[in-house]
Every structure is written in C-alpha cells, then in structure tokens.
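> how does the following fold in three dimensions:
(one chain, ligands or ions: 1)
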Amino acid sequence: MKIAVAGTGYVGLVTGVVFAHIGHNVTCVDVDENKIEKMKNGISPIYEQDLEKLMLVNKERLTYTTDYKEAYKDADVIFIGVGTPERSDGSANLEYVYKVCDNIAESIEKDCVVVVKSTVPIGTNDEVEKYIQKNIKRTVNVYVASNPEFLAQGTAVHDTLYASRIVVGTENESAKKIMEDVYLPLTREPYNVPYLNMNRRSAEMVKYASNDFLALKISYINEISNFCEKTGADINDVTRGMSFDSRIGSKFLNPGVGYGGSCFPKDTKALHRLSVELDSELKTIQACIEVNKKQKLHLFDSIIEDFKELKGLNVGVLGTSFKPGTDDLREAPAIENVKLLLEYGCNITVYDPVSLDNFSKIFGNKINYELNLEKCISNKDFVMIMTEWDQIKNIKPEVYDSLMKTPYIYDGRNCYDLIEMKSAHVKYVSMGRNIIDNLK
Ligand code: UDX
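Residues are numbered from 1 along each chain as shown. You can find the predicted model right below:
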C-alpha cells in the first residue's frame, strides 16, 4: 500500500512515521524545504520522544519531499495532517486543508482514499469530497474518510502506536476496506487498538466532543480548586477522594494555570463558534473557555496582595512550554503571565529546558533567558512556576531559600508536597491548597 501524508507537524509526521513502522511505504509531503531537508538528514523538525529513533529505524520505507505531484499521483491513500489554526472569530481556518485538496485534485492519476486527520468542523469531510471531485483533472474517483487524531504532544509516538482507539468515518465500502487494511497491524498484537467505523460527521464530532470534554474537566477542577482556596479545603485531597468513583476517574483532575497547547484552546472555540452559527449554543463550552482565560493569571491575586508594587522586581519564571515534554508554546500560560509581568515593569528571567528559543521569538530582548535553573532562581524577589518539568520538581525547597533574595514561590502546577514545603524558610502559594508562609 502506498501512503502519502500531507503536513509534517505533530499529527502528519508522527502518523507517517508510525505507518512506516507498521510496514507501509510512506511519503511525507511538506511545503517547507528546510523541514524536508532536515528530515532527509534524519532530524525531526519537532521535539517528540522516540520520533527520530523511529525515523531512523524505518528510513527504508520513508520518503520526504516537497514534490506533491510525485507523492500523490499513484498513492492509494493520502492523509491530510496540516494545521487548522484558529481564526480571530474562533472558527477553524481550513485554508491549508483546501490547499492540499487543490494539490490532490491536480495530481492524482488513480482512484484513491483521502483521509482528513486534521481537526475540522462537522461537515467538512463532505465538503472536501465534493471539492476534490469537482476540481479533479482526470477521470478518477476520490473517497474521503474522516480519521481524527487523539495523540498528545510529548507522548505522540506512543499514543499513535498504542492509541486508545482508531476512529474512522466513512460509509463507502471500498474506502472502509482500505482503511481497515491501513490500520490492520495496529489492531493486532502487541498494539490491540480498538477500531471503530462510523459516518463522517460522527467521526468529526468524536474529536471535538472528546477534546472539549477534557478541557471542560480541567476548567471544572480549576474552579473547584479556586473554591478550595476560599473554603480551606485541599484540592489534592478532594481529587483523591473523587477519583475512587470509577465514573469520574483520576485523570485530568490536576489543577493549574489553565490548559494550553494546540488543541484544547482551539477546539473549544471552534466547536462553540459552530454551535452559535447553528443557533444551538454550547453554553458549557463557553463557560470552559472563560474559566480557562481567567485561570491563566490566577496567581496574580496572591502576588499583588504580597508585593503591592511590582515595578522593578526581579522575577524568575520557571517553565515556558504549555506542558512538559514539548517545546510547543501555543497558548502556553507562561506567555500571558510574562506579558503581564512586563506590563507591571518587572525584570524577568525565564527558564525552560527546551523551549527558550521559541520563547525568545515572542519576547526578544525584553526578558532574559536562562538554561540553568539555579541561575534563573538566584537573586529573585519571587518565582512563578508555569510548567511541571521534572527538573523543576526535583529542586529542593531549601534551594529557593538559599538562592533567592526573598523566597516567594508561586506554583501554578503544584510541583511540591506541602509537607516538604512546611519545613522550608519560604512563602509557598500553590493551586487549591493552603498557603505556607514561613517568612512571617
Ligand atoms: C490534547 C489531548 O490530550 C489529545 O488527546 C488531543 O489529540 C490533543 O489535545 P495535548 O494538547 O498534547 O493533547 O496535551 P494534554 O496533555 O492533553 O494537555 C493539554 C493542556 O491541559 C496542558 O496545558 C496541560 O498542562 C493541561 N492539563 C492537563 C491540566 O491543566 N490539568 C490536567 O489534569 C491535564
């Protein structure tokens, strides 16, 4: 089976590499010459665990090219894994998806299945099929299948090989058969991934409904966490108590400074936008979006209360990526927090093990960048923790006391045990838990 994958971001590249790993011949297509050159030299353009290893192991079955005509002309299946970024009104921008459709319509020389992996609004797959069929140059047929992606960044390779489920949306019998063949190795030992076929609109909806549910779970627990702060309850104990109910479970109940990343923020806004357009507003999703926006700056209430005037203070921001294990900064809470610190006139130094280059593209010389965590903490009036990297979690509480000018720690990711902090000479403010103040 000859497979082409359009787009070499988190979804496209990981999908292509995993397909090669399970035995398919795969051509990865991208418009970016630099990225293609890198990949030809075995370098992944994104930071993702195990990806380069699998690129190397499967290099015989992997081709990287900008030549879409060559890649698409005799492909059996073409996966579209390009981005669908957010427009200013919250809707999904499908420009890149349709650009690939144009290329497919221009290039294909035999019947093929086009699979939309990009997250797209409900009904898009139907439109994509009509669009390609209308613009196609030769007398060949195209069947479009929806196949949403559920991988999380940082664990993308594992999430694709050992996926929670494979969801395919197609009602066309030959497309159905081809998709089953593509995924057959993943549905068997050692992967045993459940395989579900349904209609295209349902498959598109599964993706949004899943992501928005998880985002909602986070916003819910963040509100409960904030309420714990008001009532003297401890969010860790509360979530532990909740998690024994198997209907609730223990996952995605970590409070924090809000969700970021390339999916939850965009997918909540896109689904909400679509619901408004269809005159059927999803009010829970709107609430989820509002709660998350506010949550990102939650720590400032305590910071302002403690310092009153922030101008001229030296601040360390620990962690910039939207979560550990990735250098991705999309919608990362650190961005909003650093912007606000700058507005207050603080001198800011940021630490992150992998995303400082990306962060410097946003803030340039307005702030300082430090790859050495201890140096980032040294001589600061206060530090804010934005990402729960192990490097940060492994710092002993006394280190803050010994290195900082005044050891005020505002932890947006609950990196430390309260018991551990109680014996340190620090002020420690975390999410949904009692404040420890040993500086009084
Ligand atoms: C998510 C989904 O998990 C994945 O299935 C989908 O395909 C894409 O979107 P990702 O964005 O990579 O994946 O990261 P995820 O681990 O889900 O975290 C998203 C955000 O939620 C992060 O900012 C994280 O810090 C936050 N989060 C997660 C919490 O604040 N609390 C939690 O309990 C879990």
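
> contacts and neighbour counts: CA atoms only from here.
Will do.

> does the longest helix seen in the chain come close to the ligand?
Counting residues, the longest helix in the chain under DSSP state H turns out to be helix 200-231. Yes - Helix 200-231 reaches the ligand (Cα under 6 Å from any ligand atom) through Ile218.

> how about the residues of the stretch 51-200 of the chain by the ligand?
Within the stretch 51-200 of the chain, the positions near the ligand by Cα under 6 Å from any ligand atom are 149-153.

> which two from those end up farthest apart in space?
Glu149 and Gln153 (11.5 Å; Cα to Cα).

> circling back: and the longest helix of the chain, average pLDDT?
The average of the pLDDT scores along helix 200-231 is 98.

> for that helix, packing partners?
Secondary structure elements in contact with helix 200-231, counted by 3 or more Cα pairs under 8 Å, 6 or more residues apart in numbering; DSSP states H and E, are helix 124-135, strand 142-146, strand 166-169, helix 235-243, helix 264-277, helix 283-295.

> closest one to Lys427 among these?
helix 235-243 (18.8 Å).

> can you give me every residue that contacts Gly221?
Rather than Gly, residue 221 is Ile. Neighbour list for Ile221: 253-255 [criterion: Cα atoms under 8 Å, 6 or more residues apart in numbering].

> any idea of the angle the longest helix of the chain forms with helix 264-277?
110 degrees (axes from the mean of the first three to the mean of the last three Cα atoms, to 10 degrees).

> roughly how far is helix 200-231 from the heart of the chain?
Mean C-alpha position of helix 200-231 versus that of the full chain (Cα atoms, centre = their mean, to the nearest Å) differs by 14 Å.

> show me what counts as buried in that helix.
Within helix 200-231, the residues scored as buried using 16 or more other Cα atoms under 10 Å are 200-209, 211-229.

> so it versus helix 235-243, what angle?
Using the same axes, to 10 degrees: helix 200-231 against helix 235-243 is 130 degrees.

> confirm for me that Asp212 is in contact with Lys266.
No - between Asp212 and Lys266 there is no contact under Cα atoms under 8 Å: 9.7 Å.

> quick check, the residue in the stretch 251-400 of the chain closest to the ligand?
The ligand sits closest to Phe252 of the stretch 251-400 of the chain, with a gap of 3.1 Å, by Cα to the nearest ligand atom.

> what's the helix or strand for that residue?
If you go by DSSP states H and E, Phe252 is not part of any helix or strand.

> the residue lying closest to Gln286 once chain neighbours are set aside: how many residues sit nearby?
Nearest non-adjacent residue to Gln286, counting by Cα to Cα, 6 or more residues apart in numbering: His272, 6.5 Å away. Neighbour count of His272, defined by other Cα atoms under 10 Å: 23.

> Arg247 now?
If you count neighbours by other Cα under 10 Å, Arg247 ends up with 8.

> and the pLDDT for it?
We have a pLDDT of 97 for Arg247.

> measure it to Ala209 for me?
Distance, Arg247 to Ala209, using Cα to Cα, to the nearest Å: 17 Å.

> over to Gln391?
From Gln391 across to Ala209, the span is 34 Å (Cα to Cα).

> same question, Ile22
As judged by Cα to Cα, Ile22 and Ala209 stand 29 Å apart.

> before we move on, what about Asp357?
For Asp357, the distance to Ala209 - Cα to Cα - is 34 Å.

> same question, Gly319
Counting by Cα to Cα, the gap from Gly319 to Ala209 is 30 Å.

> ditto for Ser378
According to Cα to Cα, Ser378 and Ala209 sit 44 Å apart.

> what of Val276?
Distance check for Val276 against Ala209: by Cα to Cα, it reads 16 Å.

> which residues touch Lys380?
313-316, 404-407.

> now do the contacts for the most centrally placed residue in the chain.
With distances taken as Cα atoms, centre = their mean, the residue of the chain nearest its centroid is Gly261 (3.7 Å). By Cα under 8 Å, 6+ apart, Gly261 lies in contact with 322-323, 328-332.

> which one is it nearest to, not counting chain neighbours?
Distances taken as Cα to Cα, 6+ apart put Arg330 closest to Gly261, at 5.0 Å, once the chain neighbours are dropped.
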